[in-house]
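*Asks:* here are the coordinates; sequence isn't available:
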């Protein structure tokens, strides 16, 4: 709150967390004592206060909320030694300025990544007749070519792209030379740049760690990004040598503002269930394993759940519902719409040891999926783009997709396997059950909150069960006709 904003302890490395019967104690790593200067956020910049914070060796609290992500030491301890992620997503990207092609500019014929998908929200296609995304458009997920597999492929798998405008910027920038091999430094002025001239672009790939020897390294993946990004953005003019027939590329330069790369990973056993002895410990966001195996990054998931978690934490502190069993109800032990997304991730992964039925299988599947959702309208498409899987939208999309592309069914079964399909069916039926339970129980929510017959802890537990049904079924997302209908009219 504005009256009590809290404090931020910088350069205060955490050594361990001790759980006691009446609170938790955060212990500072002794080796870092006296190094650097601390700063207290949310308070004054008084040097004496900063020094006092820097000299603090322990912090006591009633509840420890772990926001250190999936790499949290506490999370690694809870999952156990040797826990291997079930899914990984390799990402490389840039925020860059460049002469992005105008609408209909087209990629160079035969250039790297010559097939494209574009749109203001999302799309996928393997058709080379489509133009590249204009500089003012955004791709949520785009598969512009088939899986790269076989002999001589350094970075195997299926590549996906995401891009969106990032506004104008100036100052010193990295210049990607035409030969794609070196970076030069160039300065620029933000005043002459169009606000849409800067674009953020990501290339990513779904995979697992079942065969590390067949997976690319992060360095190899980043190098592959540099090789493909011009083709995706339509900056290549591919031509053929009249004598040899070899393809050579004339590239327009673009200016790199910043580079991002990394590996995100997730576990099927999510949300995380901490040990029963871990009272007063609550993982949040990626640490809790709430991220989807499709979107990976937990920001979207955290923003979806933050209001619910805020309410639950306030109630838990008010009624002392701080035992491990009570706190486990906040994140729920099972979410069918999260678990059901695993088959979608498996369907969009192309692994060398289990290649897709044909190279363009994933783009075809994604195109059919989005074509079905587009026909069904915003009520189906919008929640999916927000990583919210609902029974009604999923069922209608599958029915329309099967009706439109029945030829994909044998390929899907062959690609994901019977075992994965049976496992998904279990979560699909659970999603239906959660939808019914949430719909039936929703009217009773206010009555439970104001009930005088239940204790404070009993009301806390009942509300958490209702929320597990609501969020597990995706019914927390409600279509706003005034908001989205207005956007649709403005788009026309």
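*Replies:* Ah, there it is. Being a predicted model, the structure only gives us computed values, none of them experimental. Numbers count the residues shown, from 1 in each chain.
*Asks:* rounded mean pLDDT for the helix or strand where residue 317 lies, please.
*Replies:* Using DSSP states H and E, residue 317 maps to helix 299-319. The average pLDDT for helix 299-319 rounds to 87.
*Asks:* can you point out the buried residues in the helix or strand encompassing residue 226?
*Replies:* Secondary structure assignment for residue 226, by DSSP H and E: helix 218-233. Across helix 218-233, burial judged by 16 or more other Cβ atoms under 10 Å covers 221-226, 228-233. For every residue, glycine as well, the C-beta is placed using N, CA and C.
*Asks:* got CSV for these, with pLDDT too?
*Replies:* Below are the buried residues of helix 218-233 laid out as CSV (pLDDT from 0 to 100):
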residue, pLDDT
221, 93
222, 93
223, 92
224, 92
225, 93
226, 90
228, 89
229, 88
230, 83
231, 83
232, 87
233, 83
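*Asks:* which among those residues gets closest to residue 420?
*Replies:* Residue 420 has its nearest neighbour among these in residue 221, at 25.1 Å by Cβ to Cβ.
*Asks:* how much space between the closest one and residue 157?
*Replies:* Relative to residue 157, residue 221 is positioned 9 Å away (Cβ to Cβ, to the nearest Å).
*Asks:* hey, what's in contact with both of those two?
*Replies:* Here residue 221 and residue 157 have residue 205 as joint contacts, going by Cβ atoms under 8 Å, 6 or more residues apart in numbering.
*Asks:* helices or strands up against the longest helix along the chain?
*Replies:* Criterion DSSP state H: the longest helix present in the chain is helix 418-441. Helices and strands in packing contact with helix 418-441 are listed as helix 336-339, helix 341-347, helix 391-404, helix 456-473; criterion 3 or more Cβ pairs under 8 Å, 6 or more residues apart in numbering; DSSP states H and E.
*Asks:* sorry, back to before: and the helix holding residue 317, which residues are buried?
*Replies:* 300-302, 304-305, 308-309, 312-313, 315-316, 319.
*Asks:* quick one, that helix and helix 456-473 angle?
*Replies:* Interaxial angle, helix 299-319 versus helix 456-473 (axes from the mean of the first three to the mean of the last three Cα atoms, to 10 degrees): 170 degrees.
*Asks:* hang on, isn't residue 161 packed against residue 200?
*Replies:* No. Checked against Cβ atoms under 8 Å, the pair residue 161 and residue 200 is beyond contact range at 11.3 Å.
*Asks:* between these two, which one's more packed in?
*Replies:* Neighbours were counted for residue 161 and for residue 200 using other Cβ atoms under 10 Å; residue 161 has more, 25 against 18.
*Asks:* helix/strand/coil for that one?
*Replies:* Assigned with DSSP: H, G, I helix; E, B strand; the rest coil, residue 161 falls in the strand class.
*Asks:* try residue 255
*Replies:* Of the three states, residue 255 takes strand under three-state DSSP.
*Asks:* what's across from it in the sheet?
*Replies:* Applying DSSP bridges to residue 255 gives these bridge partners: residue 97, residue 175.
*Asks:* for the remainder of this discussion, apply numbering that starts at 25.
*Replies:* Okay, using 25 as the starting number, the last item reads as residue 279.
*Asks:* so it touches residue 119, yeah?
*Replies:* No. Between residue 279 and residue 119 there is no contact under Cβ under 8 Å: 10.0 Å.
*Asks:* burial of residue 91, as a residue count?
*Replies:* For residue 91, the count of nearby residues is 14 (other Cβ under 10 Å).
*Asks:* which residue packs closest to it, ignoring adjacent ones?
*Replies:* Distances taken as Cβ to Cβ, 6 or more residues apart in numbering place residue 308 nearest to residue 91, at 5.3 Å, with adjacent residues excluded.
*Asks:* can you tell me how far the one you found sits from residue 181?
*Replies:* Counting by Cβ to Cβ, the gap from residue 308 to residue 181 is 31 Å.
*Asks:* same drill for these two, tell me which one is more crowded.
*Replies:* Remark: of residue 308 and residue 181, residue 181 carries more neighbours, 24 against 20, as counted by other Cβ under 10 Å.
*Asks:* pull the contacting residues for the more buried one.
*Replies:* Taking Cβ under 8 Å, 6+ apart as the criterion, residue 181 is in contact with 171-173, 229-231, 240, 373-376.
*Asks:* any idea how far it lies from residue 32?
*Replies:* Residue 181 is 40 Å from residue 32, by Cβ to Cβ.
*Asks:* ok, residue 313 next?
*Replies:* Separation of residue 313 from residue 32 (Cβ to Cβ) stands at 26 Å.
*Asks:* name the residue in these two with the higher neighbour count.
*Replies:* Looking at residue 313 and residue 32 with other Cβ under 10 Å, you find the greater number of neighbours at residue 313, namely 23 against 13.
*Asks:* for the protein, what helix or strand is lowest in average pLDDT?
*Replies:* None of the helices or strands of the chain scores lower by mean pLDDT, DSSP states H and E than strand 207-212, at a mean of 35.
*Asks:* and residue 122, what does it touch?
*Replies:* Contacts for residue 122 were tallied using Cβ under 8 Å, 6+ apart; they are 221, 223, 257, 259, 276-279.
*Asks:* got JSON lines for those, with distance to residue 435 too?
*Replies:* As requested, the contacts of residue 122 are exported to JSON lines (distance: Cβ to Cβ, whole Å):
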{"residue": "221", "distance to residue 435": "41"}
{"residue": "223", "distance to residue 435": "34"}
{"residue": "257", "distance to residue 435": "30"}
{"residue": "259", "distance to residue 435": "33"}
{"residue": "276", "distance to residue 435": "38"}
{"residue": "277", "distance to residue 435": "41"}
{"residue": "278", "distance to residue 435": "37"}
{"residue": "279", "distance to residue 435": "42"}
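*Asks:* residue 299: which of those residues is nearest?
*Replies:* residue 223 (45.3 Å).
*Asks:* that closest one in helix, strand or coil?
*Replies:* Using three-state DSSP, the structure places residue 223 in strand.
*Asks:* what about the stretch 125-274 of the chain, any weak spots by pLDDT?
*Replies:* Applying pLDDT under 70 to the stretch 125-274 of the chain flags residues 125-161, 191-220, 260-274.
*Asks:* how about 90 then?
*Replies:* 125-181, 187-223, 231-240, 251-274 (pLDDT under 90).
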